[in-house]
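K.L.:
Provide a 3D model corresponding to the input given below.
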Amino acid sequence: MGSKISRIDEDAAGSSVANKMSAELKRNTASIDNLSNLISYSQTQDGYLEKISSTLERMSEIAMLSTDETKTDADLAIYNKEFAELQSFIASMSSKQFNGVDLFNGSGQLNATVGTSVTGASVVLTMAAADLTAADYALVAASTTVVTSFAEAANALVDIQSAISALATDRAEIGSNLSRLEAERSALAILRDNLSAARSRIVDVDVAEESANFAKQQILVQSGTAMLAQANILPQSALRLIS
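P.N.:
A predicted model of the protein is given here:
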């Protein structure tokens, strides 16, 4: 698309405003990219927590089955084998990363700058993050939690129920993070579209208007050429009559 402003002296004020808008558009696009990455980060967090949720459900089922006093020690040892494998799975989740960044860190929060205006003001979000090193998870993941007896299985059930409650809170926090991030991204997308349109009105030619003007000029040129041709024909006709 052509530009209305080919030299700075044609519209110094408009050029200055357009330059500032261009810079803000660049920041806006970068902010949208950042938010998209944070959304992917949070979605990854929730995906892992969903797997941990189903694991805890199975562990609670195993623990409850292990409180059956009709089962032998050999039966309980089989249950404990699966229980231990599930513990290892939960323990391994605490070290998971997204592009080298811990998914479940001990700091408990993530900061995100979601946008800056032409005045330089910025908005920073502080988002809660799940911590799989917290006590509720650590107790369940610890190798000392076993289901090789009625009493041990009963204690394991208490720990698992606490972990399930903590997990529900963490998933609610992550869900809230996602809702806020999606809302911020949508708002920035609206700003980007309208900034782009405003800048375009300053620097870009109106294609429809210029096309209409071009067609008008073509018609005028063609009409003038036709009239000139007719004007040349009349004297020639008169000369033929005289001769």
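K.L.:
low-confidence ranges in this protein?
P.N.:
1-12, 106-110, 114-129, 204-218, 220-243 (pLDDT under 70).
K.L.:
so it: which segments form each domain?
P.N.:
Domain ranges of the chain: 8-205, 208-243, per automatic domain parsing.
K.L.:
now these in TSV, with mean neighbour count?
P.N.:
The way it works is simple: take the backbone N, C-alpha and C, and place the C-beta from them, glycine included. Shown next, in TSV, are the domains of the chain (neighbours: other C-beta atoms under 10 Å):
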stretch	mean neighbour count
domain 8-205	16
domain 208-243	9
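K.L.:
contacts only, for the most centrally placed residue in the chain.
P.N.:
For the chain, the residue nearest the mean C-alpha position is residue 36 (2.0 Å; C-alpha atoms, centre = their mean). Going by C-beta atoms under 8 Å, 6 or more residues apart in numbering, residue 36 touches residue 185.
K.L.:
after whichever strand or helix holds it, which helix or strand is next?
P.N.:
Using DSSP states H and E, residue 36 sits within helix 12-65. Note on helix 12-65: by DSSP H and E, the next helix or strand toward the C-terminus is helix 73-93.
K.L.:
give me the contact list for that following helix.
P.N.:
48, 51-52, 55-56, 58-59, 62-63, 65-66, 71, 104, 132, 137, 140-143, 145-149, 153, 156.
K.L.:
ok, stretch 52-59 next?
P.N.:
Against stretch 52-59 from outside (C-beta under 8 Å, 6+ apart): 82-83, 86-87, 89-90, 93, 132, 140, 156, 160, 163-164, 167, 171.
K.L.:
swap in 6 Å and give it another go.
P.N.:
If you take C-beta atoms under 6 Å, 6 or more residues apart in numbering as the criterion, stretch 52-59 is touched by 86, 89-90, 93, 160, 163-164, 167.
K.L.:
and for stretch 178-185?
P.N.:
Residues contacting stretch 178-185 (C-beta under 6 Å, 6+ apart): 32, 35, 38-39, 42, 114.
K.L.:
and the furthest pair within those?
P.N.:
Farthest-apart pair in the contacts of stretch 178-185 is 32 and 42; separation 15.6 Å (C-beta to C-beta).
K.L.:
list the contacts for residue 130?
P.N.:
104, 170.
K.L.:
now it: how far from residue 50?
P.N.:
Taking C-beta to C-beta, to the nearest Å as the measure, residue 130 falls 12 Å from residue 50.
K.L.:
next one: stretch 21-29 to chain centre, how far?
P.N.:
Centre-to-centre, stretch 21-29 and its host chain are 17 Å apart (C-alpha atoms, centre = their mean, to the nearest Å).
K.L.:
now that stretch - C-alpha only, PDB.
P.N.:
C-alpha atoms of stretch 21-29 as PDB (Å, rounded to 0.1, in the frame of the first residue of the first chain):
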ATOM      1  CA  MET A  21       2.100   4.400  17.200                       C
ATOM      2  CA  SER A  22       4.500   2.100  15.400                       C
ATOM      3  CA  ALA A  23       6.600   1.700  18.500                       C
ATOM      4  CA  GLU A  24       3.600   0.900  20.600                       C
ATOM      5  CA  LEU A  25       2.400  -1.600  18.000                       C
ATOM      6  CA  LYS A  26       5.700  -3.400  18.300                       C
ATOM      7  CA  ARG A  27       5.500  -3.500  22.100                       C
ATOM      8  CA  ASN A  28       1.900  -4.600  21.900                       C
ATOM      9  CA  THR A  29       2.700  -7.500  19.600                       C
END
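K.L.:
is it fair to say residue 111 lies in a strand?
P.N.:
Yes: judged by DSSP: H, G, I helix; E, B strand; the rest coil, residue 111 forms part of a strand.
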